[in-house]
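1. all I have is the shape, not the residue letters:
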């Protein structure tokens, strides 16, 4: 007679190898008992054991299903080498408590056969008028709401950025960017033969005079800028600086690509697009508000640029999926996105408190509502050396060189993404990094 635990082990192995996938339904217990040649009572104990291990979940009236893995792996002990598990402070995807339940509740209608058949049809870059209306509500902030007719859609935020860059800047053209900028823009520019022109920043963000000077030296085709919660610096431009930048763009007749992907965390502030709507292409996305696995990019296009942007989205293969459009529409209408935004704003504040506590005494720049912070490392550490040392402790961080434009030396700094790990894992990682920073690189034992 088989022990119920050995049968549970066999099922667990099928789940581990992918033979049984998350969401797969296990057979009724009587059928399961016949398959494995065990008593019905033993099958009951197997199902209880699988649930105890967190591998399955029972739903009344529906059956037992393989459970999706939703918890992060347990962290390695601090300051051990090498680490068995990796803590990711590179990618930055915020998750709110009960997020999956909230999102699932809004998808019920789409999962009916008729709803799914509709949601899986192709759709254009302008989506549908009702979806444009709800998208305008999603993007509204600080008293500003875009004209719904000006909203276009991409598969994700990165595609929206790529489409805007390629629509506004021809191969061989010049794109002004902040001296520290989003790495995807660097990759898009390199792929399309676009020259990036680094523009000076100060503690208030991009310096408008630097835009005018660069444009006078050799005409720019556009400027890419992150006025709110800049990645990686977490800077937010004061209102006066945003107004100065808008005036400069209007005076020079220069278009701007405004990356607003993180701006939902500061939704009391209007965008640059509110002050220079005819010169600003605003980019946003769904993944930070909702979940990274269901992506949707937003492009708010001035009327004069709408055709070029729509063409760039289509030719790049960056058109949206109707399923994502319909999901975003329903989540906006049901208030799910507003609930998630509020929860993630609060979560960002709590995580910044963790960072402030565990990195106290170091040169950290951030915003209380941001999900990342900028760490100027203490001497004698160099960023690349520290990244390698952190990796030996199982922690991934991003060096300043990933964000640097131009040929100058990258700052001796890191960006820490605070969103992805569980709070207890994040606290442990920050403790480990702080302890590491207080040592000397020469004092580390090499393999």
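-> Structure received. Given the structure is predicted, the values throughout are model-derived calculations rather than measurements.

2. so where's this protein uncertain?
-> 1-2, 60, 69-85, 442-447 (pLDDT under 70).

3. so in it, which helix runs the longest?
-> helix 336-358 (DSSP state H).

4. quick check: next helix or strand after that one?
-> Next in sequence after helix 336-358, counting helices and strands by DSSP states H and E, comes strand 363-365.

5. which other helices and strands does that following strand contact?
-> strand 372-376 (3 or more Cβ pairs under 8 Å, 6 or more residues apart in numbering; DSSP states H and E). All C-beta atoms are positioned from the backbone trio N, CA, C, and that covers glycine.

6. each with direction, which strands does the strand it packs on pair with?
-> strand 363-365 (antiparallel), strand 413-417 (antiparallel) (DSSP bridges).

7. contacting residues around it?
-> 92, 231-234, 352, 355, 359, 362-366, 411-419 (Cβ atoms under 8 Å, 6 or more residues apart in numbering).

8. filter these to the buried ones?
-> Among these, those classed as buried by 16 or more other Cβ atoms under 10 Å are 92, 231-234, 352, 355, 359, 362, 364, 366, 411-419.

9. could you pull out the strands for the stretch 201-350 of the chain?
-> For the stretch 201-350 of the chain, the strands defined by DSSP state E, counting those that start in this stretch cover 201-202, 205-206, 222-225, 256-259, 280-285, 297-300.

10. helices or strands up against the longest one?
-> Other helices and strands packing on strand 280-285, by 3+ Cβ pairs under 8 Å, 6+ apart, are helix 157-168, strand 256-259, strand 297-300.

11. between the first one and strand 280-285, how many degrees?
-> Put plainly, it is helix 157-168. For helix 157-168 against strand 280-285, the angle by axes from the mean of the first three to the mean of the last three Cα atoms, to 10 degrees is 160 degrees.

12. what's helix 157-168 packed up against?
-> helix 183-191, strand 222-225, strand 256-259, strand 280-285, strand 297-300, helix 306-315.

13. distance to residue 36 and mean neighbour count added to these, as CSV?
-> Shown next, in CSV, are the helices and strands packed on helix 157-168 (distance: least, Cβ to Cβ, whole Å; neighbours: other Cβ atoms under 10 Å):
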stretch, distance to residue 36, mean neighbour count
helix 183-191, 50, 17
strand 222-225, 59, 26
strand 256-259, 55, 26
strand 280-285, 47, 27
strand 297-300, 48, 27
helix 306-315, 52, 18
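
14. to residue 51, which of these lies closest?
-> strand 280-285 (36.4 Å; Cβ to Cβ).

15. each with direction, which strands does the closest one pair with?
-> For strand 280-285, pairing defined by DSSP bridges yields strand 256-259 (parallel), strand 297-300 (antiparallel).

16. now distance to residue 374 too, for those strands, in a markdown table please.
-> Output for these, formatted as a markdown table (distance: least, Cβ to Cβ, whole Å):
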| stretch | distance to residue 374 |
| --- | --- |
| strand 256-259 | 17 |
| strand 297-300 | 26 |
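
17. mind checking those for the one nearest to residue 395?
-> Of the strands paired with strand 280-285, nearest to residue 395 by Cβ to Cβ is strand 256-259, at 26.7 Å.

18. contacts for that closest one, please.
-> 161, 164-165, 168, 182, 222-227, 231, 245, 249, 271-273, 276, 279-283.

19. follow-up on the earlier one: closest one to residue 172 among the strands paired with strand 280-285?
-> Closest among these, using Cβ to Cβ: strand 256-259, at 18.1 Å.

20. let's have the strands paired with strand 372-376 in CSV, adding distance to residue 38.
-> CSV is the format used below for the strands paired with strand 372-376 (distance: least, Cβ to Cβ, whole Å):
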stretch, distance to residue 38
strand 363-365, 58
strand 413-417, 47
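
21. ok, which of those strands comes nearest residue 25?
-> So among the strands paired with strand 372-376, strand 413-417 is nearest, using Cβ to Cβ, at 36.2 Å.

22. for the helix or strand following that closest one, enumerate the helices and strands it packs against.
-> Counting by DSSP H and E, the next helix or strand C-terminal to strand 413-417 is helix 423-437. Judged by 3+ Cβ pairs under 8 Å, 6+ apart, helix 423-437 is in contact with strand 87-88, helix 336-358, helix 383-392, strand 395-396.

23. between these, which gets nearest to residue 145?
-> helix 336-358 (14.2 Å).

24. give the buried residues for that closest one.
-> 336-337, 340-341, 343-345, 347-348, 351-352, 354-355, 358.

25. so which elements touch it?
-> helix 99-105, helix 322-334, helix 423-437.

26. I'd assumed residue 175 was in contact with residue 198.
-> No - between residue 198 and residue 175 there is no contact under Cβ atoms under 8 Å: 10.5 Å.

27. comparing these two, which residue is more hemmed in?
-> residue 175 (23 against 18; other Cβ atoms under 10 Å).

28. and that one, its phi and psi?
-> Dihedral angles of residue 175 (phi, psi; degrees, to the nearest 10) stand at phi -120, psi 120.

29. could you check how far the nearest residue to it once chain neighbours are set aside is from residue 273?
-> Ranked by Cβ to Cβ, 6 or more residues apart in numbering and with sequence neighbours excluded, the top spatial neighbour of residue 175 is residue 169, at 4.9 Å. To residue 273, residue 169 is 19 Å away according to Cβ to Cβ, to the nearest Å.

30. same check, this time on residue 330
-> Applying Cβ to Cβ to residue 330 and residue 273 gives a distance of 26 Å.
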